[in-house]
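Enquirer: Compute the structure for the input listed below.
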Amino acid sequence: MKKLIRAAALVFLFGSIGYYLWTGFTRPVEEGFEFLAWVGPQMIAPIIALTVVPIVFAFSGDSVVAAFSGRNSAAFRDGLVGVGTVVSTRPTGMTLNDQPEVRIELMVEGADGMPFPSYARAVVPVTDLAMLRPGTLLPVRYLPGRTDKVELDRSGDMTKVQSAMNEAMIRQGVTTRENLEIAERGVAAEAVVRSLEVPGEIRDGNPKVAIGLAVTRPDGSGFTTVVEKFLPPRAVQHVQVGRVVKVHYLPQNESVLVLTLPANA
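Expert: Model prediction:
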């Protein structure tokens, strides 16, 4: 549909310009008044076309259509789900209801674990621009044969998105399948960070931390434990001493405990 609309706009543009030129060259006028051949109602169509065509191309862009519909474009709707890490952002110069369109440079990790550089365009509320800082993780849709461009995932399918995020974190060494199972089936509780040590070991750019926790069970009783994890640098601020974090643990083995931190901590 987008291609059809744009094609119709271009046909209108070139047709109106062609008609204007044909009228100017063939219209009979008195000698000395040749300029009048180029003035008249035939000017209306080209003026309208030159105004309408840029608007049609702007508002038929994938990011604008997605902003209006809340869905991915037809080409990406059934694309694979990957995890994109924001590298940088810049405005494209276009706005929609005073909300800027931005070009987001990404390093995307595909469903097969292979990374590739790409970009996405999106209309983003001004209040949300700060969230697109470098290092932010975003679920994206991509086409295996056209990885130069992706779209932010708008499907609302949190099962697929969470699965893609989990697989990416497993490959990065941030978590394990065992930890994910504990997070899914373990007892949910809250804990206060009592201590934080950084032994100095780093894996894939993620430092290892030893976090001392005072956990409060759902019945109000408590226990203490120490959890060792490799955390992305952006997440370390969320496990500072005194912070309250959400955890999951196994009742039969409380020493096996998993922290639940936001992906974009």
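
Enquirer: Pull out the buried residues from the helix or strand hosting Asn179.
Expert: Using DSSP states H and E, Asn179 sits within helix 177-185. Residues of helix 177-185 classed as buried: Asn179, Leu180, Ile182, Ala183 (neighbour count, 16 or more other CB atoms under 10 Å). Where you see a C-beta, it was placed from the backbone N, CA and C, and this is true even at glycine.

Enquirer: For the stretch 151-265 of the chain, just list every one of the strands.
Expert: Counting by DSSP state E, counting those that start in this stretch, the stretch 151-265 of the chain has strands at residues 187-197, 202-203, 206-216, 222-230, 244-250, 253-260.

Enquirer: Reformat those strands as JSON lines; add mean pLDDT, distance to Asp153 and mean neighbour count.
Expert: Shown next, in JSON lines, are those (pLDDT from 0 to 100; distance: least, CB to CB, whole Å; neighbours: other CB atoms under 10 Å):
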{"stretch": "strand 187-197", "mean pLDDT": "91", "distance to Asp153": "26", "mean neighbour count": "16"}
{"stretch": "strand 202-203", "mean pLDDT": "80", "distance to Asp153": "28", "mean neighbour count": "12"}
{"stretch": "strand 206-216", "mean pLDDT": "89", "distance to Asp153": "24", "mean neighbour count": "18"}
{"stretch": "strand 222-230", "mean pLDDT": "87", "distance to Asp153": "26", "mean neighbour count": "15"}
{"stretch": "strand 244-250", "mean pLDDT": "89", "distance to Asp153": "24", "mean neighbour count": "17"}
{"stretch": "strand 253-260", "mean pLDDT": "81", "distance to Asp153": "21", "mean neighbour count": "16"}
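
Enquirer: Redo the ones you listed as CSV? Include distance to Ala8.
Expert: Formatted as CSV, the strands of the stretch 151-265 of the chain follow (distance: least, CB to CB, whole Å):
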stretch, distance to Ala8
strand 187-197, 55
strand 202-203, 55
strand 206-216, 52
strand 222-230, 55
strand 244-250, 53
strand 253-260, 51
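
Enquirer: for these, which one sits closest to Leu10?
Expert: strand 206-216 (50.2 Å; CB to CB).

Enquirer: Sheet partners, orientation included, of the closest one?
Expert: Here strand 206-216 is paired, per DSSP bridges, with strand 187-197 (antiparallel), strand 202-203 (antiparallel), strand 222-230 (antiparallel).

Enquirer: Could you point out which of those strands sits nearest Val247?
Expert: That would be strand 187-197 among the strands paired with strand 206-216, by CB to CB, at 4.9 Å.

Enquirer: quick one: contacts of that closest one?
Expert: 209-218, 224, 226, 239-251, 257 (CB atoms under 8 Å, 6 or more residues apart in numbering).

Enquirer: Closest one of the buried residues of helix 177-185 to Ser155?
Expert: For the buried residues of helix 177-185, the nearest to Ser155 is Leu180 (21.5 Å; CB to CB).

Enquirer: Looks to me like Ala120 is in a helix.
Expert: No - counting by DSSP: H, G, I helix; E, B strand; the rest coil, one finds Ala120 to be strand, located in no helix.

Enquirer: Output stretch 226-236 as CSV, restricted to C-alpha atoms.
Expert: In CSV, the C-alpha atoms belonging to stretch 226-236 read as follows (Å, rounded to 0.1, in the frame of the first residue of the first chain):
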residue,chain,number,x,y,z
VAL,A,226,26.0,-13.8,49.1
VAL,A,227,25.4,-13.9,45.3
GLU,A,228,28.1,-13.7,42.7
LYS,A,229,27.1,-12.4,39.3
PHE,A,230,28.6,-10.9,36.2
LEU,A,231,26.6,-7.6,35.7
PRO,A,232,26.7,-5.1,32.9
PRO,A,233,28.3,-1.9,34.1
ARG,A,234,25.0,0.0,33.7
ALA,A,235,23.4,-2.4,36.3
VAL,A,236,26.0,-2.1,39.1
